[in-house]
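[1] structure here, sequence nowhere to be found:
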């Protein structure tokens, strides 16, 4: 088991798009990004760390700020993460089969 304390790297980076409403002031639409990290705060949603196409790193975006494509249907935090984080330590597994 791999245990991270508060923050960790994903086993593989994930290409995605980020809702600009979460990454820019008065932003609309989506922009390409690479999701590379995850952070846990007790009682809160996971925080996703991404690198935007312009090179900026944005930390602690909620799960529902990410999508796999620009025309994806909007989703809510309750749909993205059904429970809050229980503590500062969590484990992250990458199953080769799945």
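    Ah, there it is. Being a predicted model, the structure only gives us computed values, none of them experimental.

[2] residue 79 in helix, strand or coil?
    Reducing the assignment at residue 79 to three states with DSSP: H, G, I helix; E, B strand; the rest coil gives helix.

[3] please tell me how far it sits from residue 50.
    19 Å (CB to CB, to the nearest Å). For the C-beta atoms, the positions are set from N, CA and C on the backbone; glycine is no exception.

[4] more neighbours: which of the two?
    Higher neighbour count among residue 79 and residue 50: residue 50, with 26 against 11, using other CB atoms under 10 Å.

[5] how many residues are close by the residue nearest to the more buried one when sequence neighbours are not counted?
    Nearest residue to residue 50, sequence neighbours excluded (CB to CB, 6 or more residues apart in numbering): residue 33, at 4.2 Å. Residue 33 has 27 neighbouring residues, counting by other CB under 10 Å.

[6] and the helix or strand residue 33 falls within, average pLDDT?
    Assigned by DSSP states H and E, residue 33 belongs to strand 30-39. In this model, strand 30-39 has a mean pLDDT of 90.

[7] buried ones in it, by neighbour count?
    30-31, 33-35, 37-39 (16 or more other CB atoms under 10 Å).

[8] which residue ranges form the strands in the chain?
    Remark: strands assigned in the chain by DSSP state E are 3-5, 7-19, 30-39, 47-52, 57-61, 66-67, 89-91.

[9] could you identify which of those strands is most buried?
    strand 47-52 (a mean of 21; mean count of other CB atoms under 10 Å).

[10] report the mean confidence score over that strand.
    Here strand 47-52 scores 91 as its mean pLDDT.

[11] on contacts alone, who are the packing partners of that strand?
    Judged by 3 or more CB pairs under 8 Å, 6 or more residues apart in numbering; DSSP states H and E, strand 47-52 is in contact with strand 7-19, strand 30-39, strand 57-61.

[12] could the ones you listed be laid out in TSV, adding distance to residue 84?
    Output for the helices and strands packed on strand 47-52, formatted as TSV (distance: least, CB to CB, whole Å):
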stretch	distance to residue 84
strand 7-19	16
strand 30-39	13
strand 57-61	14
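
[13] between these, which gets nearest to residue 69?
    Nearest to residue 69, of all the helices and strands packed on strand 47-52, is strand 7-19, at 6.6 Å by CB to CB.

[14] no further queries at this time; thank you.
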